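Participant: Coordinates for the following, if possible.
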Amino acid sequence: MKVTTQTEHFTNPLYLESGRILEPYDLTYETYGALNSDKSNVVVVCHALTGSHHAAGTYEGDIKPGWWDGMIGDGKPIDTQKYFVICVNVIGSCFGSTGPMSEMYPTSEPYRLKFPVITISDMVKAQRILFDRIGIHHAHAVIGGSMGGMQALCFAIEHPNFAKKHIVLASTYATQPWAIAFNKVAREAVIKDPAFQNGLYDPKEIRENGFPGFATGRMCGHISYLSPTSMQTKFGREYVETDGLYELFGRFQIERYLDYNGMNFVQWFDPLSFLYITKAINIFDATRNYDSLEDSLGRINSEMYLYAFKSDLLFLPEEMKKIETTLHNIGKSNLVYYEEVDSNYGHDAFLVELDKFAHSVTKALEEER
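Facilitator: Numbers count the residues shown, from 1 in each chain. Next up is the predicted model:
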């Protein structure tokens, strides 16, 4: 599988939903496989909150593959012997694309809290501009899970002629109060920690000394990505062997796992990017700029494949089901396929339990309707 990583620099202004302008800006992206002669084999993969453009393959000297490596590659469900796959790091993120720690032109100082609030629509708009720049004006499919699914849905509604198929996994048509509440707790943990310094923290310092609030915020978010069943299966009521049961700060295995996950997160993700991207997720509502969900989804003219996960507590299956029901009600039942994947893992099943839905995604990519 051929893997290529590039960054494109844009000097034209990106007009944002908020009315603000981002200028200049960069977008980092990764491609896999080869583009065919008529450019008809493009599959756009959209990443979730903490993901990046590095969706598959392994960098030289690195043992950790891309976040969806089980799905993307030669002979894999998204087969790079057939498809030219492209994944773009969204604006606001911290892996090469312009975000809050990028330099604020014309100074050399980072934006920090002066970075504009962005939306899912802004992320998608920037990607479309990139695709036009590199000569990709049409895609075979757009696919994504969680926040990536929001992007895929946004592509279908706001750029209805760009892709033939849109595949949405573990996502929603609008972020509901339950998910916003989890994000609120996580965001408050970051903001209220003195280490945040009103956004003036030193990234190197927090990696060396830690950022307890950020780690706690990650713990909160991670709970929402799992399910009671997956926690029971993985950890049960096992206690850390070296901790005493009657020590006040002794830990169960699930507590140690959350400690590790939270502290590790501080080493590789940026707190301000976390705040800006969770804000974008909270804002997301496919009806916001339309009269109704019917009006919004009525703009779709591509095939829609919707995959909900039975034990997803962050974006409930009924939220995905509502997209299908609405498309049926407005006479577009021929365009939509809905599947509720039988999984006990929770929200992150779209990243972990690939064997439960990968074959269906392959079929969705290949079938002619």
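
Participant: three-state assignment of the residue located most distally from the centre of the chain?
Facilitator: Distance to the chain centre peaks in the chain at residue 246, reaching 40.6 Å (criterion: Cα atoms, centre = their mean). Classification of residue 246 using DSSP: H, G, I helix; E, B strand; the rest coil returns coil.

Participant: The residue nearest in space to the middle of the chain is in what secondary structure piece?
Facilitator: The centroid of the chain falls nearest to residue 48 when counting by Cα atoms, centre = their mean (1.0 Å). Element membership of residue 48, judged by DSSP states H and E, is empty: it is in no helix or strand.

Participant: Doesn't residue 9 belong to a strand?
Facilitator: Yes: inclusion of residue 9 in a strand is indicated when three-state DSSP is applied.

Participant: ok, and the closest non-adjacent residue to it?
Facilitator: Take residue 9 and drop its neighbours on the chain: the residue closest to it by Cβ to Cβ, 6 or more residues apart in numbering is residue 26, 5.3 Å away. All C-beta atoms are positioned from the backbone trio N, CA, C, and that covers glycine.

Participant: Just give me the neighbour total for that neighbour.
Facilitator: A count of nearby residues for residue 26, using other Cβ atoms under 10 Å, gives 16.

Participant: Give me the domain ranges for the chain.
Facilitator: According to automatic domain parsing, the chain comprises the domains 3-176+284-366, 179-279.

Participant: so how far is residue 14 from the residue nearest to residue 9?
Facilitator: Going from residue 26 to residue 14 by Cβ to Cβ, to the nearest Å gives 11 Å.

Participant: again with residue 307
Facilitator: When Cβ to Cβ is the yardstick, residue 307 and residue 14 sit 31 Å from each other.

Participant: which one of the two has more residues nearby?
Facilitator: Shown here are residue 307 and residue 14; by other Cβ under 10 Å, residue 307 has more neighbours (26 against 20).

Participant: Let me know the secondary structure of that one.
Facilitator: For residue 307, the assignment made with three-state DSSP gives strand.

Participant: Just the pLDDT at the closest residue to it other than its chain neighbours, thanks.
Facilitator: Taking Cβ to Cβ, 6+ apart, and ignoring the residues beside it in sequence, residue 307 has residue 169 as its nearest neighbour in space, at 4.4 Å. Model confidence at residue 169, given as pLDDT, is 98.

Participant: quick one on the thing from earlier: the residue nearest to residue 9 touches residue 99, doesn't it?
Facilitator: No: here residue 26 lies out of contact with residue 99, judged by Cβ atoms under 8 Å, at a distance of 9.5 Å.

Participant: hang on, the earlier thing: tell me the SS of the residue nearest to residue 9?
Facilitator: Going by three-state DSSP, the secondary structure assigned to residue 26 is strand.

Participant: Let me see the contact set for it.
Facilitator: Residue 26 makes contact with 7, 8, 9, 10, 96, 97, 98, 102 under the criterion Cβ atoms under 8 Å, 6 or more residues apart in numbering.

Participant: Pick the one among these closest to residue 40.
Facilitator: Nearest to residue 40, judged by Cβ to Cβ, of these is residue 8 at 22.4 Å.

Participant: That closest one bridge partners, please.
Facilitator: Taking DSSP bridges as the rule, residue 8 bridges to residue 27.

Participant: neighbours around it, how many?
Facilitator: As a burial measure, the neighbour count of residue 8 was computed by other Cβ under 10 Å and equals 15.

Participant: was I right about it contacting residue 135?
Facilitator: No: proximity of residue 8 to residue 135 does not meet the contact threshold set by Cβ under 8 Å, at 11.9 Å.

Participant: ok, back up a step: ramachandran angles for the residue nearest to residue 307?
Facilitator: Note on residue 169: its backbone torsions stand at phi -120, psi 140 [degrees, to the nearest 10].

Participant: wait, what's in contact with the closest residue to residue 369 other than its chain neighbours?
Facilitator: Among residues not flanking residue 369 along the chain, residue 303 sits closest, at 5.9 Å (Cβ to Cβ, 6+ apart). For residue 303, the contacting residues are 164, 165, 166, 335, 336, 337, 364, 369, by Cβ under 8 Å, 6+ apart.

Participant: I'd like to know which of those is nearest to residue 142.
Facilitator: Minimum separation from residue 142 among the contacts of residue 303 (Cβ to Cβ) is found for residue 166, which lies at 5.1 Å.

Participant: Next, the closest one: phi, psi?
Facilitator: Reported as degrees, to the nearest 10, the phi and psi values for residue 166 are phi -130, psi 130.

Participant: Identify the residues contacting it.
Facilitator: Contacts for residue 166 (Cβ under 8 Å, 6+ apart) come out as 141, 142, 143, 152, 153, 155, 156, 300, 302, 303, 304, 305.
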